[in-house]
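Colleague: Sequence plus the predicted model coming up.
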2 protein chains.
Amino acid sequence: MSAVVNLADKLATFEAHWSPRIVASYNGNDIMVVKVKGEFVWHSHPETDDLFLVLKGRLTIRMRDGDVTLGPGELYVVPRGIEHCPFAEEEVHMLLIEPRGTPNTGDERTAATKVAI
Amino acid sequence: MSAVVNLADKLATFEAHWSPRIVASYNGNDIMVVKVKGEFVWHSHPETDDLFLVLKGRLTIRMRDGDVTLGPGELYVVPRGIEHCPFAEEEVHMLLIEPRGTPNTGDERTAATKVAI
């Protein structure tokens, strides 16, 4: 039997920013939690949509045709192929879902290694 | 550009129990919110895992080899093929993810129609 995942407990186990941790698996997708602060890199994922659910803080997702800002309990799906650049003035905690093996920067050479916790 | 989804706002638009509403789409999966209370039916999904993320209240997922109970901010993935029966003594609000078209009862004849909101 798989385990109940308490998202806050998982987030309390690490401090690093922009370093997603895998907490569960769903149909070949990684369910991840991540802490972010500051600006990420502009990137896109040609083969996958990119789902963000903010748990704590306020996240801005910059896109070429306008920004969106998410608070706790708000989600947004960046469609595949759309360039975006996440930005957080203060630390943000999020849930992410991506097909297993998706590089977080859209590029395997620069992507963070995703560790299961 | 797709829209920011505020989960609480979406949940405030309906009262029906066991009637998932689609709020976003991710790689051919429906992202849904649902309100539940009482006992659902025992069922399984042979082709898909079943992800539950509790937003409010306490959900018990009965399974043949033991129950799990989830509170707010806790998620659980019922692996494909595993029989389960969700139960909530008081109303529970949840986020669900399922491949588009998955019957919530595991059986198209008894499944609720999933409406996009």
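Modeller: Perfect, thanks for sending it. Numbering: from 1, shown residues only, chains lettered A, B, ... in the order given.
Colleague: anything in the worst-scoring helix or strand of chain A on mean pLDDT near chain B?
Modeller: Lowest on mean pLDDT, DSSP states H and E among the helices and strands of chain A sits strand A:115-116, with a mean of 82. No: applying C-beta under 8 Å from any C-beta of the partner chain, one finds strand A:115-116 out of contact with chain B, separated by at least 13.4 Å. Bear in mind the C-beta positions are built from the backbone N, C-alpha and C, glycine included.
Colleague: Please tell me how far that strand is from the chain's geometric centre.
Modeller: How far strand A:115-116 lies from its chain's middle: 14 Å, per C-alpha atoms, centre = their mean, to the nearest Å.
Colleague: which residues in chain A form helices?
Modeller: A:7-11 (DSSP state H).
Colleague: Around chain B, which positions in it sit nearby?
Modeller: A:1-8, A:23-27, A:29, A:31, A:48-49, A:51, A:53, A:55, A:63, A:65-66, A:68-70, A:73-80, A:95, A:97, A:99.
Colleague: Parallel or antiparallel, list what pairs with the least confident helix or strand of chain A.
Modeller: strand A:21-26 (parallel) (DSSP bridges).
Colleague: For the strand it pairs with, buried residues please.
Modeller: Buried residues in strand A:21-26, counted by 16 or more other C-beta atoms under 10 Å in any protein chain shown: A:21-26.
Colleague: the longest strand in chain A is where?
Modeller: Secondary structure of chain A per DSSP state E: the longest strand is strand A:84-99.
Colleague: so where's chain A shaky on pLDDT?
Modeller: A:1 (pLDDT under 70).
Colleague: which residues touch the residue most central in space within it?
Modeller: Nearest to the geometric centre of chain A sits A:Leu96, at 4.1 Å (C-alpha atoms, centre = their mean). By C-beta atoms under 8 Å, 6 or more residues apart in numbering or on different chains, A:Leu96 lies in contact with A:20, A:30-34, A:50-53.
Colleague: in the sheet, who's paired with it?
Modeller: With DSSP bridges as the rule, A:Leu96 is bridged to A:Met32, A:Phe52.
Colleague: Quick check: A:Gly81 vs B:Arg58, distance?
Modeller: Distance of A:Gly81 to B:Arg58, given as C-beta to C-beta, to the nearest Å: 40 Å.
Colleague: Looking at those two, which has the bigger crowd around it?
Modeller: The neighbour comparison of A:Gly81 against B:Arg58 (other C-beta atoms under 10 Å in any protein chain shown) goes to B:Arg58, with 15 against 11.
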